[in-house]
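[1] Fold the following, please.
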Amino acid sequence: MDRLSSNYGQFLVAFKSSWICLPEVEDKLLFITGAKAVVELWKHAHFYVSNKCPFPIWPATAPNQGFPVVANGGFYLPSGRLRKFQAPGDSSGRIWARTGCNFDYFNDGRACETGDCNGRLECAGVIGVPPVTLVEFTLQVDKRQPSFYDVSIVDGYNLPVSVTPYPTAPKYYIGGCFSDIKKECPGELAVLNELGTFS
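    Residues are numbered from 1 along each chain as shown. Below you'll find the predicted structure:
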């Protein structure tokens, strides 16, 4: 898990990418003056979710116990698009991408091939069905307490993903799973769709 100071309150989560350029994020930076505005900035973290896949994804979020749902729990993100959402400065949870979703048609109560959350667009705190590549985070407003982020395949793997804290610093790393590891997956561990291909 990568540890970062709580003053790094912006993160770029990019699905299916290698190294990430940040001009889109830099264009959206907010320069503020005045003590009240600075206090507000420290109370929240901003997440930018980028879809670098050649197909749409449905990013989803779920909080850890005792924390609020962010970004309504999920949203649609077309290929090549970026979406920003805000999380409380003290928050903990996970982000994942759902694939192959059709909310007009349910197959055994599922709307997505991977990462489904009871057939809902907005997961409302429901954790996605594996296999999913997870981005996990725990954020602390108190600078004496560390904040953490990581990319995990504990719930399986569906897409490459990376996380970049912003602004960057030499001691903070881009966390990620950059390769398509489906090629290396043993057959007995593979989750296949109706066509017999990887979900």
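
[2] Point me to the helix or strand that includes the residue nearest to Lys84 when sequence neighbours are not counted.
    Closest residue to Lys84 apart from its sequence neighbours, by C-beta to C-beta, 6 or more residues apart in numbering: Tyr48 at 5.2 Å. All C-beta atoms are positioned from the backbone trio N, CA, C, and that covers glycine. Assigned by DSSP states H and E, Tyr48 belongs to strand 44-51.

[3] For that strand, which strands pair with it and how are they oriented?
    Partner strands and pairing direction for strand 44-51 (DSSP bridges) are strand 10-15 (parallel), strand 82-88 (antiparallel).

[4] Out of those, name the one with the poorest average pLDDT.
    For those, mean pLDDT drops lowest on strand 10-15, to a mean of 58.

[5] which ones are touching Arg120?
    Gly73, Gly74, Phe103, Ala111, Val126 (C-beta atoms under 8 Å, 6 or more residues apart in numbering).

[6] check contacts around the fourth one.
    Shown here is Ala111, whose contacts under the criterion C-beta under 8 Å, 6+ apart are Cys101, Asn102, Phe103, Tyr105, Gly119, Arg120, Leu121.

[7] How about it: what's its closest non-neighbour residue?
    Leaving aside its chain neighbours, Ala111 sits nearest to Gly119 (4.2 Å; criterion: C-beta to C-beta, 6+ apart).
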